[in-house]
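# would you be able to build a 3D model of this:
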Amino acid sequence: WWARYQPQDLRVIDSPLGNKQDFQAMITSLDQHGVAVYADVVLNHMANESGLRDDLNYPSAHVLEHYAQNQEAFEQQKLFGQLSQHLFSSTDFHPEGCITQWHDPGHVQYWRLCGGEGDVGLPDLDPNQWVVEQQRTYLSALKAMGVKGFRVDAVKHMSMYHINQVFTDAIREGMHIFGEVITSGGAGDQSYEAFLLPYLQQTTHSAYDFPLFSQMRRAFSFQGSLTQLHHPESVGQALDKHRAITFTITHDIPTNDGFRYQIMHPTDEALAYAYILGKDGGSPLIYSDELSAGEDKDNGRWQGVWKQPAMKAMLRFHNAMQGRPMT
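Residues are numbered from 1 along each chain as shown. Next up is the predicted model:
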């Protein structure tokens, strides 16, 4: 699953999940049922292909050759640009080097996300004029297809300059945009003060409500208190209701070993869902996966969650609170 967060080329939609035609058909079909499609976009980095080649040309010469050999097919999958040329080169990236100072925004937003054991990391894009122009064109092309919102992956690792250069007024108009800024809590937490607070102050985007998530985990833990969930935004432990993407779990938590400690007990998770679907404000995220047997460590715990009777009842209540039809 993580390979889907390592782009080779922004100009083409052709992946294990489907191609541009499949995506357009999905958008059109869902729109007929009143369902909006969001695109999960990666703007911070490109794929780590250091094990395959020494250069930073994206896509690689091998991929360009594949385009040329299947020119007619890939023209149909193209969002924009000329597929006979590289999109990015070495001048479009920050120097090689891994993040080591995780509480320093300058370090986190300049150097690379790396794994262990000598991994050189994900090539980190420099927000120069060319990069910004290509990313704007990419987002505009997705918007033209009918996408109604963007989830911005790894936005914690992008500078405020980069974010605000890419997301112009024209791109933001009529779109719901939210970013992934992982924190350990709300006001007073070092990661919140260094990363999420500036993101909220310097953009108009929404964001995952990690402060509320931390507060719920404390409230539903052993010897926790539900008083912690009485207007947590008033003490800086939840985001403003107009910008919060509330959740009880995201795809990152069960699939990353370093985050699995945040998985709630199933009963606590059900209570947390009741809370975020019953509270005023926020855009609740319901996590449902279809992981293969080899990928799923949790025996299908989150498969088809949105179809379960208890979840359907909570969603009907939430819709009623929002003045929507009770379907």
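# for L83, see how far away the residue nearest the centre of the chain is.
The residue lying closest to the centre of the chain (CA atoms, centre = their mean) is D153, at 3.5 Å. Distance of D153 to L83, given as CB to CB, to the nearest Å: 24 Å. No exception for glycine: its C-beta is placed from N, CA and C like everyone else's.
# so for A293, what pLDDT did the model give?
pLDDT recorded at A293 is 69.
# for the residue nearest to the centre of the chain, phi and psi?
Per-residue torsions, D153: phi -70, psi 150 (degrees, to the nearest 10).
# low-scoring stretches of the stretch 151-300 of the chain, by residue?
In the prediction, the stretch 151-300 of the chain carries residues with pLDDT under 70 at positions 293.
# need the contact list for the residue nearest to the centre of the chain.
Residues in contact with D153 (CB atoms under 8 Å, 6 or more residues apart in numbering) are Y5, D40, V41, V42, L43, N44, E180.
# ok, now how distant is the closest residue to it other than its chain neighbours from E180?
Using CB to CB, 6 or more residues apart in numbering and skipping residues adjacent in sequence, the residue nearest D153 is V42, 4.8 Å away. Counting by CB to CB, the gap from V42 to E180 is 10 Å.
# ok, R316 next?
Going from R316 to E180 by CB to CB gives 29 Å.
# likewise P211?
Separation of P211 from E180 (CB to CB): 14 Å.
# who has more neighbours out of these two?
Legend: neighbour count by other CB atoms under 10 Å for P211 and E180, higher for P211 (27 against 18).
# ok, the more buried one touching V235?
No: if you go by CB atoms under 8 Å, P211 and V235 don't touch, sitting 9.8 Å apart.
# joint contacts of those two?
Residues touching both P211 and V235 by CB under 8 Å, 6+ apart: G186, A187.
# can you count the residues close to F167?
For F167, the neighbour count with other CB under 10 Å is 22.
# got a list of what it touches?
L139, I177, T203, H205.
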